[in-house]
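Peer 1: Any chance you could fold what I've pasted below:
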Amino acid sequence: MTTNKDFATALLNWYETHGRKDLPWQHPRSAYRVWISEIMLQQTQVQTVIPYFNRFMLGFPDIQHLANAPEDDVLSHWSGLGYYSRARNIHKTAKIICEQFAGIIPADKEDLESLPGIGPSTAAAILSQAFNLPAAIMDGNVKRVLSRHFMIEGLTEQSRVKKQLWDLAFQCMPGQHCADYTQAIMDLGATCCTSRKPSCSACPLHASCQAFNQDVVMSFPTKKVKKILPVKRQQFLLLYNEQHQIFLEKRPPSGLWGGLWCLPDTEEDADLTSELATRFALNIIDVKKIADLKHAFSHFHLFIRATAIKTVFARDVMLNENNGQWFFAHQLSKLGLARPVTKIIHCFLGSG
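Peer 2: Just a heads-up that it's a prediction; the model follows:
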């Protein structure tokens, strides 16, 4: 069986030839760019993240720009990437770093973990990649590599298994070339030791991989039993007026699509005339179905019926602006919009 030093050496040698060295956050590999990329990469694949990262860097080239930006601007750059609490947390963290750390991302694990949205693995990724310090990470790729190589049984979310994996991650972490090693073990999991159809013959660790030697690679990590996700149905109302403005409501900071601008929603079989009069003091001029959409969340599926409704204010009654706001089409690009809302608006504008 390989020693921990051999593990790291084999991985670093493989990285020299096969590792990913052209990722945008590697040039330059600053603490700010590493931090933003690591948050974006949580539960999101590299190829999905790259265009979002590049656009985000154009909008917020440094932490001061990010801290000073309005939340809507930050969320608009995040629109479509999902898990929007990540965007709200980086905005909060940018403000804290500017106020409490003189605008410099700390190179201390405890300081990093005290910041919103930064857990042990993200803190370690920043320390190892930006500061070249020996800090072990634990993302999905690392869990898979270590689970297979050392044949760690049990669900990776279990406390016992977590501790085993973290212990192994620290033992395998070299004292030098930390940034390259961290990228190497992530790259091995992403491109070679994949969840499906792993390329074991190309793996630099296959000779010492316990799962490979016992021909049980696909049994690790232990798989969770898939649950059948519940289905919910809603009707999204695209309300527009004679001036071709669209009405949007801002969601509360927490919860589904927190902090984003969304179309009003209601039950599929709602009485629209009564609903609009009661909620918005609006009368209906025309109703048209736009589209049916399916949107998948981690814990349920949402089926959306999108309906466009041309409206006019009820006589002598003004809409309470606290409920939302009317926007012209050219203003929408500056807003953080939920992905289904963006699709519905595009369908509506395209059909007009």
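Peer 1: quick one, what contacts the residue lying closest to Cys193 once chain neighbours are set aside?
Peer 2: If you skip the residues right next to it in sequence, Cys193 has Val145 as its closest partner in space, 5.0 Å away by C-beta to C-beta, 6 or more residues apart in numbering. Placement of C-beta: from N, CA and C, glycine included. Taking C-beta atoms under 8 Å, 6 or more residues apart in numbering, we find Val145 in contact with 185, 188-189, 193, 205.
Peer 1: Now do the helix or strand Val145 falls within: distance to the chain's middle.
Peer 2: Applying DSSP states H and E as the criterion places Val145 in helix 140-150. Taking C-alpha atoms, centre = their mean, to the nearest Å, the mean C-alpha location of helix 140-150 is offset from the chain mean by 22 Å.
Peer 1: what's the next secondary structure element after it?
Peer 2: Secondary structure here is assigned by DSSP H and E; on that basis, the next helix or strand after helix 140-150 toward the C-terminus is helix 159-172.
Peer 1: domain assignment for this structure?
Peer 2: As recorded under automatic domain parsing, the domains making up the chain are 4-219, 231-351.
Peer 1: Please identify the deepest-packed of these.
Peer 2: Per residue and on average, the most neighbours among those fall to domain 4-219, with a mean of 18 (mean count of other C-beta atoms under 10 Å).
Peer 1: Low-confidence stretches in this structure?
Peer 2: Counting by pLDDT under 70, the low-confidence segments of the chain come to 1-3, 315-323, 351-352.
Peer 1: Figure out how far the longest strand anywhere in it is from the centre of its chain.
Peer 2: Looking across the chain with DSSP state E, the single longest strand is strand 282-296. In this view, strand 282-296 has its centroid 28 Å away from the chain centroid, taken as C-alpha atoms, centre = their mean.
Peer 1: got the contact list for it?
Peer 2: Residues external to strand 282-296 that are found in contact with it (C-beta under 8 Å, 6+ apart): 229, 238-239, 272-273, 276-277, 301-314, 319, 339-340, 343-344, 347-348, 351.
Peer 1: again, but for stretch 305-317
Peer 2: The contact list for stretch 305-317, computed with C-beta under 8 Å, 6+ apart, reads 233-242, 247, 263, 268, 272, 276-277, 280-293, 319, 344, 347-348.
Peer 1: repeat for stretch 261-269
Peer 2: When contacts are defined by C-beta under 8 Å, 6+ apart, stretch 261-269 is touched by residues 72, 233-239, 247-251, 272, 275, 279-280, 305-306, 324, 335-338, 341, 344.
Peer 1: where's the nearest residue to Tyr181 once chain neighbours are set aside relative to Tyr15, distance?
Peer 2: With C-beta to C-beta, 6+ apart as the criterion, Tyr181 has its nearest non-adjacent residue at 5.5 Å, and that residue is Pro174. With distances taken as C-beta to C-beta, to the nearest Å, Pro174 is found 12 Å from Tyr15.
Peer 1: Find residues that contact each of these two.
Peer 2: Counting by C-beta under 8 Å, 6+ apart, the residues touching both Pro174 and Tyr15 are Tyr181.
Peer 1: thinking again about what came up before, residues in contact with the residue nearest to Tyr181?
Peer 2: Residues near Pro174 by C-beta under 8 Å, 6+ apart: 5, 8-9, 12, 134, 181.
Peer 1: Return the distance of it relative to Ile185.
Peer 2: When Pro174 is compared with Ile185 (using C-beta to C-beta), they lie 11 Å apart.
Peer 1: same thing with Ile39?
Peer 2: When distance is defined by C-beta to C-beta, Ile39 is 19 Å away from Ile185.
Peer 1: How far away from the center of its chain is the helix or strand where Leu188 lies?
Peer 2: Using DSSP H and E, the secondary-structure element containing Leu188 is helix 178-191. The gap between where helix 178-191 is centred and where its chain is centred comes out at 20 Å by C-alpha atoms, centre = their mean.
Peer 1: other SSEs contacting it?
Peer 2: Here helix 178-191 touches helix 4-18, helix 120-131, helix 140-150, going by 3 or more C-beta pairs under 8 Å, 6 or more residues apart in numbering; DSSP states H and E.
Peer 1: Can you name the residues in contact with it?
Peer 2: Helix 178-191 is contacted from outside by 8, 11-12, 14-15, 18-20, 26, 29, 46, 124-125, 128-130, 132-135, 137, 139-142, 144-145, 172-174, 203-205, using C-beta under 8 Å, 6+ apart.
Peer 1: repeat for stretch 205-218
Peer 2: Outside stretch 205-218, the residues that reach it (C-beta under 8 Å, 6+ apart) are 1-2, 6-7, 10-11, 145, 147-151, 188, 198, 200, 203, 219-220.
Peer 1: Apply 7 Å and report the result again.
Peer 2: Outside of stretch 205-218, the residues within contact range by C-beta atoms under 7 Å, 6 or more residues apart in numbering are 1-2, 7, 10-11, 148-151, 198, 200, 203, 220.
Peer 1: ditto for stretch 51-59
Peer 2: Applying C-beta under 7 Å, 6+ apart, the contact partners of stretch 51-59 are 24-25, 36-37, 40, 77, 81.
Peer 1: Alright, I will stop here.
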